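sequence first, predicted coordinates after that:
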Amino acid sequence: MAEDRGAANGSGTGKSARILLVRLDGLGDTLACIPALEGLRRAYPDATFDAVLSPANASVFSDRIRCVYEYDLDRVGDDGTGDIEARLRDANYTHAIVATEEPVGYRLARGSGAPRRAGFWHRLEKPLKSIWQYAQLTDRVYRPAAWIARPEHEAQTLYRLATAFGAPSPPPDDTGAMRAWLAVGAMPDGRSRSQNLGVQIGAKFSTDGWGPAVIAAFCAAALRASGLRALTLLAAPSDQGLAHAVMEHLDSDVREHTSCAPPAGLPPWLRNLDSLAALIAPDSGAAHAAGMLGVPVIDLFGMTRFDQLSRQWRPWAAPSVCLVKPPAAAGVPERFGEHVGAEIGRLRALDRR
């Protein structure tokens, strides 16, 4: 079912651009669009911005995204676009960014009636799909259909859609500009530096033998080596059990300075991230959100395709380092935690928030 937040007003006439972002994928994919949005804002200072997003991501943006249409791909599928297309046409968009390769995203952009529509196509790598993609767009941006050895950052790839509409190069990466797009609120003047180390707990953390006891030993070692004073465990509702199990395995001297952030919607979750001195996350939406907010990030990846994935999905804007999370073994969580803690100290020295 497609729903909208707010009303799409105005006729789209005159010189002001009315720009629609279509992004139906995960949270990290959505956050990677922020440099493109900022680039278009700089190219069109009087533009208004709306978006079609999945329900899970509908509240992530600040009021710079004036109207959000929710489109649940899992419930509606590729064919139920009639109702939302009618509302998109009524908004009179001048530009549409198709920042997804889901076919319904292309149909929604074309159905909006926007005279200019930028999106990806694969040339001859997927001939039939490329012909169809080409027909939906007015501004086609090539993207390889298969993995390449040295991919560009996903934010840079998405930014090429914005440059098709005149966004200036290079992509912006200043955290003040990035955070303005997020539903986090303004940064208080004179805010004192936090002493909390955040760790995003999730299923990716528990691979390769990393059960609660191993994660707890790693977190304790990282906290001690970082020089920070307290630990905050963040977890989605489905991962709360794992987070509490980790907390139970912490040494008592660490546990008394540890809290589990309660499950919350995206704006409170973003504010929790924004309050941290640094974040450790296993290649998740938290790493991308913290990066946009300017929070130093240690981003942990598996060994498989580490070079490719860390190039494409490393945090944007904030100081960060990507590391391979090693398989669990005797002494590994302690040694790896000490290494991560030392890296946190180095990154915090670069933090200019």
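Okay, I see it. Residues are numbered from 1 along each chain as shown.

alpha carbons only for contacts and neighbour counts from here, please
Will do.

show me the protein divided up by domain.
Per automatic domain parsing, the structural domains of the chain span 2-172, 196-350.

ranked by average pLDDT, which of those falls at the bottom?
Mean pLDDT is lowest for domain 2-172 out of the domains of the chain, coming in at a mean of 90.

before we move on, the earlier item: got CSV for the domains of the chain, with mean neighbour count and distance to residue 183 too?
CSV is the format used below for these (neighbours: other C-alpha atoms under 10 Å; distance: least, C-alpha to C-alpha, whole Å):
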stretch, mean neighbour count, distance to residue 183
domain 2-172, 19, 4
domain 196-350, 20, 5
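
and the ones you listed as JSON lines, adding distance to residue 181?
Putting the domains of the chain into JSON lines (distance: least, C-alpha to C-alpha, whole Å) gives the following:
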{"stretch": "domain 2-172", "distance to residue 181": "5"}
{"stretch": "domain 196-350", "distance to residue 181": "9"}
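
could you point out the longest helix in this protein?
Longest helix in the chain, counting residues (DSSP state H): helix 332-350.

so which elements touch that helix?
If you count contacts as 3 or more C-alpha pairs under 8 Å, 6 or more residues apart in numbering; DSSP states H and E, helix 332-350 packs onto helix 212-226, strand 297-301.

which of those sits closest to residue 86?
Comparison of the helices and strands packed on helix 332-350 against residue 86 by C-alpha to C-alpha identifies strand 297-301 as nearest, at 41.5 Å.

run through who's touching that closest one.
Identification of contacts with strand 297-301 by C-alpha atoms under 8 Å, 6 or more residues apart in numbering yields 278-283, 287, 290-291, 309-310, 314-315, 318-325, 340, 343-344, 347.

also stretch 195-204?
Stretch 195-204 has contacts (C-alpha under 8 Å, 6+ apart) with 219, 223, 228-236, 239, 242-243, 273, 275-283, 286.

equivalent analysis for stretch 308-322, please.
148-155, 173-175, 283, 287-288, 290-301, 343, 347-348, 350-351.

just the element for residue 311, please.
Following DSSP states H and E, one finds residue 311 within helix 306-313.

go through the contacts of strand 297-301 and flag which are in helices.
The members of those that map onto helices under DSSP H are 287, 290, 291, 309, 310, 340, 343, 344, 347.

now do the helices in the stretch 51-200 of the chain.
Taking DSSP state H, counting those that start in this stretch as the test, the helices found in the stretch 51-200 of the chain are 73-76, 82-90, 103-111, 127-136, 154-163, 175-179.

now the phi/psi pair for residue 54, please.
Dihedral angles of residue 54 (phi, psi; degrees, to the nearest 10) stand at phi -70, psi 150.

correct me, but it touches residue 68?
No. Residue 54 lies out of contact with residue 68 (C-alpha atoms under 8 Å); the separation is 9.5 Å.

one step back: and residue 184, which of the domains of the chain is closest to it?
When those are compared by C-alpha to C-alpha, domain 196-350 sits nearest residue 184, at 5.4 Å.

the closest one spans what distance, first to last residue?
17 Å (C-alpha to C-alpha, to the nearest Å).

cool, stretch 27-45 as well?
26 Å.

pretty sure residue 240 is in a helix, no?
Yes. Using DSSP: H, G, I helix; E, B strand; the rest coil, the assignment for residue 240 is a helix.

rewinding a little: now the helices of the stretch 51-200 of the chain as CSV including distance to residue 26?
Listed next are the helices of the stretch 51-200 of the chain as CSV, based on distance: least, C-alpha to C-alpha, whole Å:
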stretch, distance to residue 26
helix 73-76, 11
helix 82-90, 20
helix 103-111, 14
helix 127-136, 21
helix 154-163, 13
helix 175-179, 18
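
check the secondary structure at residue 245 for me.
helix.

just checking, it touches residue 212?
Yes. Residue 245 is in contact with residue 212 according to C-alpha under 8 Å; the separation is 5.8 Å.

for the nearest residue to residue 39 once chain neighbours are set aside, grab phi and psi.
Leaving aside its sequence neighbours, residue 39 sits nearest to residue 167 (C-alpha to C-alpha, 6 or more residues apart in numbering; 4.9 Å). For residue 167, the backbone dihedrals (degrees, to the nearest 10) come out as phi -60, psi 140.
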